[in-house]
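Asker: My questions concern the predicted model and sequence given below.
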Amino acid sequence: MAQNASTLFEKIWDSHEVLRKGADGPSLLYVDRHMVHEVTSPQAFEGLRANGREVRRPDLTVATMDHNVPTTPGERRLPMADQTSDLQVRTLEENCREFGIRLFGMDSPDQGIVHVIGPQLGITLPGATIVCGDSHTSTHGAFGALAFGIGTSDVEHVLASQTVWMQKPKSLEIMIRGRMSGPHAVTAKDVILYVIRKIGTDGGAGHVAEYRGQAVSDMSMEQRMTICNMSIEAGARAGLVAPDEKTFEYLRGRTYTPESYEEMVDAWKKTLRTDSKASFAKRYEIDASRIAPQVSWGTNPGMTCDVTEAVPDPAEYGDGDKPREDSARKALQYMGLEPGTPMTEIPLDRVFIGSCTNARLEDLIEASRAVRGRKIARGVRAMVVPGSQAVKRSAEEMGLDAIFKDAGFEWRESGCSMCLGMNPDILMPGERCASTSNRNFEGRQGTGGRTHLASPVMAAAAAVNGHFVDVREMDMPDGTV
Amino acid sequence: MEPFRTVRSVTTPLDKINIDTDQIVPKQFLKLVQRSGFGRYLFYDWRYERRGDGSGDASVVPRPDFVLNHPRYKGSAILATGENFGCGSSREHAVWALADHGFRAVIAPSFADIFYNNCFKNGVLPVTLERGEVRDILKFEGDIEVDLEAKEVRMYGPGDHAGPSHVARFEIEPHRRTVLLEGLDEIAQTLKYEKEIAEFERESGLTGDAAPPLPPDKPPGT
C-alpha cells in the first residue's frame, strides 16, 4: 500500500499495478474478478482461438447470460425464438465449456444480471479489481472495489493475461451531506439522478468517483449499488464507497465468500479508506436533504428535474450554451413534450421495474409500498423483472409477487430485459415508459420509445396513477411489508 | 491491426453533443458473434426510417436529411462531432461500426472514457481539439488531413494548393500513438510481461493485495 496520503481509489490502484510504462504511461493492472456475459464476449473468445491462446485464470472468471434472455415465464429454454440471441447464448455456453469458465446459465438458480449476482454470490469483494464488458460494472464499487467496464478487445486481453492496460484516472469526491428527506419517498436513485443532473453526463470523465458523506453512510448496500451503478452516467469510469460494517456483513457467508474472509476483513479495515490528508483532483458537494423525487424529461440522464417541476424551456436549459440548448430541443421533440408541462401531467403507457440499477430485493420492497392494495391505472402495462433468480425467490417468499400481480403487474423471470430491450421486452414507437433503469437515450428501450427514469417507488406509484406523482404525498404503509 | 499514419478526406459533420453508443449502433445489432459487418448499422435509427410495419430490410429507407446519407460525405474517413462522444454503453460494436463504415478518425472536444479506449484497439484515432476548433471544422467544407505522426489536423480549402489554410495541433498519450502508428497486437505485447504478471500473482497472494481465487464450484442456489 502507498506510503503517502492516498484516496481509496489510489490505494486499490497501487496495490494492483503489475507495472507502469514510464512515469506518465499506462499501468498494467491485475484483475481479481472478471465477469463475462453473452453480448460482449463472443468476439473475445474467437480472438483467443484464432491466436491459440488460453484463458489465463478461469478460476477468477465467471459468466452469466442476462442481456438477451427472455423474461417471460415458460420461455426460458433453448432454442430461443430469436435466432440471433439463441446463437449468442449457445456461443457463450460453448465458450465457457471450452475454456473452463464457471457459467450461471439460463436455467441456473444463480442466474441473474451480472451486477446483481456478483455481490449476491460473494464474488464481489472489497479492495478487488473487477472488470466486465459492461459499463455498469461500476455497481460493484459499492463494496469498495475498483470496478469498471471494458470493451470487447479488453475482455480478450483480460481473458488472455488477467490484466488490463489503463491510464490512471484522477480521484473525484462526491460528498453527499445531510440526510434524505422522507425515508421511503426519496431514494438512492433520486440522489444519483440529482448528482448527474448537477455535475453533467461528463462531470466525472477521466475520474473515479468516491461517494462520501452522511447520506452515503446511511445507505444500505443495495442503495450504494444504485448510486455506484450510475457513476458511468456521470461520465466516471468507476464509482466507489469505502467499505464499513454494512459492507462486511453483506458479504459474510455468501456462496463464494472466501474461507479466509474474517482475516481479510481485519486487513480491509486498516487499509480500505481514503486518508484524511489525501487530496481529490475534483470535488462536488450535494445536500441530500434538499433532494426531491427525480424524473428525467429528456434523452440523457442529466436531463432530469424534480417531480414537482415542469418540462423546461430549451433556451433556459441551455443557459446561453447553443449546443446544450439544441440538444434539449431535439430531446423534447423526440420525447413528444412541450415546455411548461408539469411532470405529473404526462400520461404513461408502460412501467418497467427492473435493471442492474434497481432490481434488487429492497427495490422491489420499496416499489410494493406504492402498489399494495391498489390497481394499476387503465391503459398502463407494467412489469417487474427481478434482478436475479435469487431476488425473485426472496421476493416470492415475502409475497411481493402477489402484491404486484394483484395490482395488475406482470411478474417476470430475471434479466436485463427492457433496460435495453435486447430481448423481446421493448417499447413500441411512441410509447412512454416510467423506468427504474439507467439510460433514457433515444431508442434505448425500443426504437421510438420514450423513457422517463425514476426510482422504484416513483415508477410503481406512476403505474397506479397513470402518470408521475410526488410519492412524498402518497399514502403508503411504513415498515416492512 | 491496420497502422494509422495519415488520413485525408472531406469531414462528415455531426453537430450534436453527448452522442451515446446506443445511437452509434442500436442494441438490436449487438447479437452478432463476429466483429465485421457493423458498418451498415452505424447510426441506424438516425440514418434510416421505417415504412409500413418496419420489419424487414425492404421497409427501411435512408433519411435524405441525415448527414451520412448526403452524397458529399460518401467515402469520408473523418467524423467531426460534439462533446462527450461515445458516452453510455461500453459496446465496442460502436467502434467496429464506425471503422467498418470507413471512418478512421473522429474529431471532438471530448470523448467518453471507454469509447476513447476502444478506438485504439481498432485502428481508429480519436482526436481531441478545443471546442472552437471543432466548431470551425464542423463548418469547414474542404479536405481535412489528420496526421498522427506530426499530431496535426490540417485544413485544406478549395484554393489551398500550396498548403493548408489552418493547422491545429493535438495531444495524445505517447504509448497510444505508438500502438496506432505501428498497428501493434496489444495482447502479444502484454504477454511479453509474463514474468512480471506471474511474479505479481505470487507476491500479491502472499500479502493479500489481490483477492483470492474463487473457491471450487459450489452447488447452485446455495
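Answerer: Now that the structure is in, tell me what you want to look at.

Asker: May I see the buried residues of the one helix or strand residue A:14 maps to?
Answerer: Element membership for residue A:14 (DSSP states H and E) is helix A:8-15. Buried residues in helix A:8-15, counted by 16 or more other CB atoms under 10 Å in any protein chain shown: A:8-13, A:15. C-beta coordinates here come from the backbone N, C-alpha and C atoms, glycine included.

Asker: any idea which of those residues is closest to chain B?
Answerer: Nearest to chain B among those, counting by CB to the nearest CB, is residue A:15 at 4.1 Å.

Asker: So the closest one sits against residue B:211, correct?
Answerer: No: with contacts counted by CB atoms under 8 Å, residue A:15 stays clear of residue B:211, the gap being 10.7 Å.

Asker: Which positions in the stretch 351-481 of chain A make contact with chain B?
Answerer: For the stretch 351-481 of chain A, the contact set with chain B under CB under 8 Å from any CB of the partner chain comprises A:389-390, A:420-422, A:429, A:439, A:441-444, A:447.

Asker: By proximity to chain B, which residue of the stretch 351-481 of chain A wins?
Answerer: Relative to chain B, the nearest point of the stretch 351-481 of chain A is residue A:441 (4.4 Å; CB to the nearest CB).

Asker: where does that residue fall, helix, sheet strand or coil?
Answerer: At residue A:441 the chain is in coil, as set by DSSP: H, G, I helix; E, B strand; the rest coil.

Asker: There's contact between it and residue A:300 in this structure, I believe.
Answerer: Yes: using CB under 8 Å, residue A:441 is in contact with residue A:300, at 6.6 Å.

Asker: Common neighbours of these two, please.
Answerer: Counting by CB atoms under 8 Å, 6 or more residues apart in numbering or on different chains, the contacts common to residue A:441 and residue A:300 are residue B:20.

Asker: The helix holding residue A:14 packs against which elements?
Answerer: Judged by 3 or more CB pairs under 8 Å, 6 or more residues apart in numbering or on different chains; DSSP states H and E, helix A:8-15 is in contact with strand A:146-149, strand A:207-212, strand A:238-240.

Asker: ok so, going back, for the buried residues of helix A:8-15, which one is nearest residue B:66?
Answerer: residue A:9 (40.9 Å; CB to CB).

Asker: what's the pLDDT at the closest one?
Answerer: With respect to pLDDT, residue A:9 scores 98.

Asker: And it, how close does it get to residue A:372?
Answerer: Separation of residue A:9 from residue A:372 (CB to CB, to the nearest Å): 41 Å.

Asker: try residue A:446
Answerer: In terms of CB to CB, residue A:446 sits 29 Å off from residue A:372.

Asker: show me the contacts for the closest residue to residue A:307 other than its chain neighbours.
Answerer: Nearest residue to residue A:307 in three dimensions, chain neighbours excluded: residue A:293, at 4.6 Å (CB to CB, 6 or more residues apart in numbering or on different chains). Shown in contact with residue A:293 (CB under 8 Å, 6+ apart): A:185-186, A:190, A:306-307, A:454-455, A:458, A:470-472.

Asker: how does it look with 10 Å?
Answerer: A:181-182, A:185-187, A:189-190, A:193-194, A:306-308, A:343, A:454-455, A:457-458, A:461, A:468-472 (CB atoms under 10 Å, 6 or more residues apart in numbering or on different chains).

Asker: Fine by me, we can end here.
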